[in-house]
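>>> Structure for this input, please:
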Amino acid sequence: QAYNSLSGNFPYPIVADENRDLAVSLGMVDPDEKDAAGMPLTCRAVFVVGPDKKLKLSLLYPATTGRNFNEILRVLDSLQLTAVKKVATPADWKDGGHCMVVPSISSEQAKTMFPEHKVHQVPSGKEYLRTTPHPK
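Below is the predicted model of the structure:
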């Protein structure tokens, strides 16, 4: 809030964990990095919980490594897209980029659902590697 000169109540809950009980129970401590008192430092943890109250993503960075917020935003975009469309996102995918048609979609369904999709040739000859423009 101070960095962005925002006022008012902070819109996200912050949990105080002075004794690190919650951090230990969630596996959020870095056994290799300790503070001056010899206590393990907490990891840089990111948990994304979906509207269904299920864990959708868990990222743990060592205490000595900062989080990559661009990657976190990329993953959030992917999670939101793949929750409603029958696609998967490849490595290094960016919002708006081509997606993968999930294997559970038949060739016939893919033609209807993703008319612009492309089947990529693989050595096995199987037609499972299919990409489509970003579904809107």
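>>> going forward, measure contacts between C-alpha atoms and count neighbours the same way
Fine.
>>> And this protein, what are its domain boundaries?
For the chain, the TED database gives the domain ranges 1-67, 85-132.
>>> how about those in CSV, adding mean neighbour count, distance to residue 79 and mean pLDDT?
Shown next, in CSV, are the domains of the chain (neighbours: other C-alpha atoms under 10 Å; distance: least, C-alpha to C-alpha, whole Å; pLDDT from 0 to 100):
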stretch, mean neighbour count, distance to residue 79, mean pLDDT
domain 1-67, 12, 8, 85
domain 85-132, 15, 9, 93
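>>> looking at the ones you listed, which is closest to residue 73?
Ranking the domains of the chain by proximity to residue 73 (C-alpha to C-alpha) places domain 85-132 first, at 9.6 Å.
>>> Just give me how far the closest one sits from the chain centre.
20 Å (C-alpha atoms, centre = their mean, to the nearest Å).
>>> What of stretch 40-53?
The answer for stretch 40-53 is 11 Å, by C-alpha atoms, centre = their mean.
>>> need the contact list for residue 101.
By C-alpha atoms under 8 Å, 6 or more residues apart in numbering, the contact list for residue 101 reads 86-88, 110, 117, 129-132.
>>> looking at this protein, which residue ends up farthest from its center?
Most distant from the centre of the chain: residue 37, at 33.9 Å, with distances by C-alpha atoms, centre = their mean.
>>> can you map out the helices along the chain?
Using DSSP state H, the helices of the chain run over 21-25, 69-84, 107-113.
>>> I'd like those helices written out as CSV, with distance to residue 48 added.
Formatted as CSV, those follow (distance: least, C-alpha to C-alpha, whole Å):
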stretch, distance to residue 48
helix 21-25, 16
helix 69-84, 8
helix 107-113, 29
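>>> With that, I have no additional questions.
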